[in-house]
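Undergrad: need a structure here:
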Amino acid sequence: MVETIPKEKKTGYEKLYDQIKIIADKARHDILDTLEHNSLGASNIDNEYGAHTLLKLSYLNYYLGIFTRIAISHKKKGGFSKVVFIDAFGGSGLVGIKNTKYTVLGSSLLAALNGGFDKIISFEVDKERANILSKRLNLILPEKCQVINGDVNEEIGRIVDNEITSKTIVLFFVDPEGMEPQFSKLRKLIDKTQYVDILMNYTWGVYRLQGRIEKNFSMPDINRMQSFLDGYKLGGTPDEALLEMFETKFGKPFGDNVPIKSKGEKTEYSMVLRIRRTQGGTKFIDPMKEFGKIIGSYSGEDCNNILRTIKGDQQSIL
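TA: Have a look, this model is predicted:
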């Protein structure tokens with residue numbers, strides 16, 4: 001009898017490395033080369049962010065694998081029509097990493113490469129970015145992608161009416177860039193189907209707005225805050241309004257808020273995962289809690305070193 005040696009469990013560093021390798025397009029797809037050969041490679045209209053963005057994208061990509069595996073299983077059992085990824089702020093599909101020569105895959109392209117979605121729907125308010133995102137997505141996943149050049153707050157209702165039924169399973173990624181999600185409008189999605197998971201950037205511009213309100217009482221600022229969070233009351237905080245809304249409308253939280261840290265351990269923002277409905281508990285996504293702790297233990301500086309290692313510019317960070 002031949003004894004087999006059990007595989008060693010991967011370290012946190014190895015798990016993060018594996019995700020960044022996919023995001024950097026060095027795992028198996030060579031999508032960046034394909035885009036370049038079709039005149040759709042990196043350009044000056046792509047957004048640039050610090051290396052900590054790789055932590056956010058790693059957290060998203062890790063959940064894409066878990067989500068689609070479970071969603072496809074439910075769909076095969078019957079009762080569900082399709083599995084959809086909705087990107088509220090799609091960008092151009094590629095992201096430049098600041099202070100490096102590197103470009104990586106953005107959220108919508110990662111969802112398209114996952115292969116488990118029946119449709120990818122991305123919103124992008126900038127016309128040039130929406131146009132190139134559409135071309136990039138349709139090169140990778142023809143006839144399964146739709147890019148809406150417009151404000152997600154204004155367009156979500158039409159998409160919900162046309163694309164979503166009560167039996168659609170949705171992963172909704174909300175990562176604002178300068179514009180804020182108006183949750184009273186985004187709730188249309190939640191009201192249409194209860195099978196929605198939300199992964200979102202938790203710390204965004206409402207806090208800048210709150211700072212202005214606290215310093216200088218202004219009805220326009222207060223009205224603007226209430227358009228984002230209809231439960232917001234003067235004297236309260238965005239956290240209180242968000243908590244109330246999430247608990248009543250947006251499903252239960254899964255795990256702790258995951259800090260996304262840049263150089264010097266500075267937390268730039270946090271990611272939060274909300275689970276709208278599950279069957280048989282949440283044990284199937286328990287690995288997300290472990291991976292969230294991994295994400296929270298690394299910084300953008302670590303990601304920069306990992307990326308350089310993957311690209312061959314240095315041997316190892318260990």
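
Undergrad: can you list the weak-confidence ranges in the protein?
TA: Filtered on pLDDT under 70, the chain yields the residue ranges 1-7, 177-181, 202-218, 221-256, 277-284, 314-318.

Undergrad: quick one: I198 and R187 touch, right?
TA: No: in this structure, I198 is not within contact of R187 by Cβ atoms under 8 Å, at 11.0 Å. All C-beta atoms are positioned from the backbone trio N, CA, C, and that covers glycine.

Undergrad: more neighbours, these two?
TA: I198 (23 against 16; other Cβ atoms under 10 Å).

Undergrad: The helix or strand harbouring D302 packs against which elements?
TA: Following DSSP states H and E, one finds D302 within helix 300-311. Where contact means 3 or more Cβ pairs under 8 Å, 6 or more residues apart in numbering; DSSP states H and E, helix 300-311 is packed against helix 12-23, helix 53-77.

Undergrad: out of those, which comes closest to L133?
TA: Closest approach to L133 among those is made by helix 53-77 (15.6 Å; Cβ to Cβ).

Undergrad: Now do the contacts for K293.
TA: K293 is in contact with G12, counting by Cβ atoms under 8 Å, 6 or more residues apart in numbering.

Undergrad: ok, so what distance separates it from K266?
TA: According to Cβ to Cβ, to the nearest Å, K293 and K266 sit 19 Å apart.

Undergrad: and N44, how many residues sit next to it?
TA: Here the number of neighbours of N44 (other Cβ under 10 Å) works out to 7.

Undergrad: wait, is it part of a strand?
TA: No: using DSSP: H, G, I helix; E, B strand; the rest coil, the secondary structure at N44 is coil, not a strand.

Undergrad: about what we covered before: and the helix holding D302, how far out from the chain middle?
TA: Distance, stretch centre to chain centre, for helix 300-311: 20 Å (Cα atoms, centre = their mean, to the nearest Å).

Undergrad: Give the buried residues for it.
TA: 300-310 (16 or more other Cβ atoms under 10 Å).

Undergrad: Which of those residues sits closest to I45?
TA: Among these, L307 lies closest to I45 (Cβ to Cβ), at 21.7 Å.

Undergrad: Which SSE is immediately downstream of the strand ranked longest in the chain?
TA: Criterion DSSP state E: the longest strand present in the chain is strand 267-275. Using DSSP H and E, the helix or strand that follows strand 267-275 in sequence is helix 287-296.

Undergrad: If you count neighbours, what's buried in that following helix?
TA: Along helix 287-296, these residues count as buried under the neighbour rule (16+ other Cβ under 10 Å): 288, 291-292, 294-296.

Undergrad: and if you look at stretch 96-111?
TA: 96-97, 100, 102-111.

Undergrad: about what we covered before: nearest to Q146 among the buried residues of helix 287-296?
TA: Nearest to Q146 among the buried residues of helix 287-296, with distances taken as Cβ to Cβ, is M288, at 27.4 Å.

Undergrad: I'd say the closest one and N61 touch.
TA: No: M288 is not in contact with N61 according to Cβ under 8 Å; the separation is 11.9 Å.

Undergrad: contacting residues around M271?
TA: Counting by Cβ under 8 Å, 6+ apart, M271 touches 56, 59, 199-202, 257-258, 260, 292, 295.

Undergrad: Let's see that with 10 Å instead.
TA: 55-56, 59-60, 63, 175, 199-203, 255, 257-260, 292, 295-296 (Cβ atoms under 10 Å, 6 or more residues apart in numbering).

Undergrad: quick revisit: work out the sheet partners of the longest strand of the chain and label each with its direction, please.
TA: Sheet neighbours of strand 267-275, with direction, are listed as strand 196-201 (antiparallel), strand 252-253 (antiparallel), strand 258-261 (antiparallel) (DSSP bridges).

Undergrad: Go ahead and measure how far the first one is from the middle of the chain.
TA: In terms of Cα atoms, centre = their mean, the gap separating the centre of strand 196-201 from the centre of its chain is 7 Å.

Undergrad: Report the angle between that strand and helix 287-296.
TA: For strand 196-201 against helix 287-296, the angle between stretch directions is 10 degrees (axes from the mean of the first three to the mean of the last three Cα atoms, to 10 degrees).

Undergrad: of all the strands paired with strand 267-275, which lies closest to A27?
TA: It's strand 196-201; of those, that one is closest to A27 (Cβ to Cβ) at 21.0 Å.

Undergrad: Return stretch 154-174 as CSV; C-alpha atoms alone will do.
TA: Extracted as CSV, the C-alpha positions of stretch 154-174 are listed here (Å, rounded to 0.1, in the frame of the first residue of the first chain):
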residue,chain,number,x,y,z
GLU,A,154,-30.6,56.6,-13.2
GLU,A,155,-30.2,53.5,-15.3
ILE,A,156,-30.6,50.7,-12.8
GLY,A,157,-34.4,50.7,-12.9
ARG,A,158,-34.5,50.1,-16.7
ILE,A,159,-32.0,47.3,-16.4
VAL,A,160,-33.9,45.6,-13.5
ASP,A,161,-37.1,45.8,-15.6
ASN,A,162,-35.5,44.3,-18.7
GLU,A,163,-32.9,41.8,-17.3
ILE,A,164,-33.8,40.7,-13.8
THR,A,165,-36.6,38.4,-12.7
SER,A,166,-37.4,37.0,-9.2
LYS,A,167,-35.4,34.0,-10.1
THR,A,168,-32.2,35.7,-11.2
ILE,A,169,-29.1,35.2,-9.1
VAL,A,170,-27.0,38.4,-8.9
LEU,A,171,-23.6,39.5,-7.6
PHE,A,172,-23.7,43.2,-7.4
PHE,A,173,-20.3,44.9,-7.1
VAL,A,174,-20.4,48.6,-5.9
